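Asker: Next comes the sequence, and after it the predicted model I'd like to discuss.
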Amino acid sequence: MVAMNLIAGDIGGTKSGLAWVRGGAASPCFERVYASAAFASADDLLRQFIADAGETAPPEHFLLAVPGPVDTQRSRLTNLDWTLDAAGLGQRFGGAAVRLVNDFEAAAAGVTALAPDERLVLNPQPVEQDAVRVVTGAGTGLGLAFVVGAARAPRIFPSEGGHSDFAPADARQARLLDRLRARYGHVSWERVASGSGLDDLYRFCCAERGQDADDAPADGATLSARAAAGDAAADAALELFVDLYGAWAGNLALLFQPRSGLYLAGGVSRHLRERLQAPRFMRAAADKGRMRGVVERTPIFLVTSERLGVAGAIALGRVSSLACFNSTKA
């Protein structure tokens, strides 16, 4: 057994989860979640975590899952004003071996470790063990990864598909597109099917109803509270989100035919689980004309675990640490 000493992290636009793993232990010896915006850089976050863990020296290995594309082990994060460079981080943390991966590469790795009670079935269909698996998720942004050979020899491919062009499904969504295009120029699926897009959906629904919107940005929890209190625009925004998220999931079912499962992850997905379990979500997902049956045959799950990214980062970190160990032995 490799004497691994590892910090595994799931860096998010809103929250960052970090875990310290020693040796072959099944569970981390220390784990904590932080508000990402409380730190000016990843370095500051990691130093705080090391101090909170009661350690005076960094570990030999870091595996950090980041919300953005990773190019030559560098990443400028999409929804957080940080730039990470693996080589620079390693130098600043005692010569540690640092590996960066896309956050949904870690999410896809984490799916394999889910317990039965950490997922909800949204579309009960047979699962083919060696088929394609897709993991997407509405958090601060909209992530996507797919897995080939999911059961025997999984190969994970991260993607920036959430930034592909949004396509409206009806006249109201076309008006939404016009509104967002006037504000942002390019309008991606992430603009409408993520936590960062919920405020825009609410303001759009207020405008549609001739209702003034608050100056303060509205997130999923705020909209849920307002909807429960009788705010019709908030309820309409959440219903619109479900329609858009369902359409996105249906698109992925057509693109990948993930017979090993289409998994919905992310904090917004968890928070709105009751709405996603209602028939409206699957109606929107399956609204694909002649290809409706392809979506209806797709097993779809909602991930309820809050540790999906951290669990996946630990799994990838174990493999990365073993590879480093073997290369030094060679």
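Answerer: Arrived safely, thanks for sending.
Asker: from here on, contacts and neighbour counts on C-alpha atoms
Answerer: Fine.
Asker: Tell me how many other residues surround G137.
Answerer: Applying other C-alpha atoms under 10 Å, we find 27 residues neighbouring G137.
Asker: Over to the one 10 residues further on?
Answerer: The local packing count at V147 equals 25, with neighbours defined by other C-alpha under 10 Å.
Asker: Pop out the phi and psi values for it.
Answerer: Main-chain torsions, V147, degrees, to the nearest 10: phi -120, psi 130.
Asker: what kind of secondary structure is the closest residue to it other than its chain neighbours in?
Answerer: Once flanking residues are discounted, V147 sits nearest to I156: 4.5 Å by C-alpha to C-alpha, 6 or more residues apart in numbering. Under the three-state scheme (DSSP: H, G, I helix; E, B strand; the rest coil), I156 adopts strand.
Asker: any idea how far A8 is from I156?
Answerer: To A8, I156 is 18 Å away according to C-alpha to C-alpha, to the nearest Å.
Asker: ok, so what distance separates G13 from Y263?
Answerer: Distance of G13 to Y263, given as C-alpha to C-alpha: 20 Å.
Asker: follow-up on the earlier one: quick one: residues contacting the residue nearest to V147.
Answerer: 105, 108-109, 145-148 (C-alpha atoms under 8 Å, 6 or more residues apart in numbering).
Asker: Could you do R152 as well?
Answerer: By C-alpha under 8 Å, 6+ apart, R152 lies in contact with D130.
Asker: tell me which element it falls in.
Answerer: Assigned by DSSP states H and E, R152 falls within no helix or strand.
Asker: Which stretches in the stretch 151-300 of the chain count as helices?
Answerer: Using DSSP state H, counting those that start in this stretch, the helices of the stretch 151-300 of the chain run over 171-184, 198-208, 220-228, 232-256, 267-271, 273-277, 279-285, 292-296.
Asker: right, and those helices - which one's nearest D71?
Answerer: Across these, D71 has its closest neighbour in helix 232-256 (24.2 Å, C-alpha to C-alpha).
Asker: quick one on the thing from earlier: so for G13 and Y263, which residue has more residues nearby?
Answerer: More crowded of G13 and Y263, by other C-alpha under 10 Å: Y263, with 25 against 21.
Asker: just checking, that one touches S305?
Answerer: No - using C-alpha atoms under 8 Å, Y263 is not in contact with S305, being 11.8 Å away.
Asker: what's the neighbour count on Q48?
Answerer: Taking other C-alpha under 10 Å as the neighbour definition, Q48 ends up with a count of 14.
Asker: Tell me if it really is in a helix.
Answerer: Yes - assessed with three-state DSSP, Q48 lies in a helix.
Asker: Report how many residues lie close to V132.
Answerer: Using other C-alpha under 10 Å, the number of residues around V132 comes to 21.
Asker: quick one: contacts of stretch 106-125?
Answerer: Residues beyond stretch 106-125 that count as contacts (C-alpha under 8 Å, 6+ apart) turn out to be 10, 65, 134-135, 145-147, 156, 265, 276-277, 282, 296-305, 308-313, 315-316.
Asker: repeat that with 6 Å
Answerer: The contact list for stretch 106-125 (C-alpha atoms under 6 Å, 6 or more residues apart in numbering) reads 135, 277, 299-305, 308-309, 311-313.
Asker: for the helices of the stretch 151-300 of the chain, which one sits closest to G17?
Answerer: Of all those, helix 267-271 sits nearest to G17, with 12.7 Å by C-alpha to C-alpha.
Asker: Which strands or helices does the closest one pack on?
Answerer: Using 3 or more C-alpha pairs under 6 Å, 6 or more residues apart in numbering; DSSP states H and E as the contact test, no helix or strand touches helix 267-271.
Asker: Could you list the buried residues of that helix?
Answerer: 267-270 (16 or more other C-alpha atoms under 10 Å).
Asker: of all the residues you listed, which comes closest to A216?
Answerer: Nearest member of the buried residues of helix 267-271 to A216, counting by C-alpha to C-alpha, is V268, at 18.7 Å.
Asker: Spit out the contact partners of the closest one.
Answerer: When the contact criterion is C-alpha under 6 Å, 6+ apart, the partners of V268 are 138-139.
Asker: could you measure it against L198, distance?
Answerer: Distance from V268 to L198, by C-alpha to C-alpha: 10 Å.
Asker: Likewise for E55?
Answerer: Distance from E55 to L198, by C-alpha to C-alpha: 40 Å.
Asker: R92 now?
Answerer: Counting by C-alpha to C-alpha - R92 and L198 are separated by 38 Å.
Asker: Looking at these two, which one has more neighbours?
Answerer: The residue with more neighbours, out of R92 and L198, is L198; 26 against 12, by other C-alpha under 10 Å.
Asker: how many neighbours does the closest residue to the more buried one other than its chain neighbours have?
Answerer: Nearest residue to L198, sequence neighbours excluded (C-alpha to C-alpha, 6+ apart): D219, at 6.0 Å. For D219, the neighbour count with other C-alpha under 10 Å is 18.
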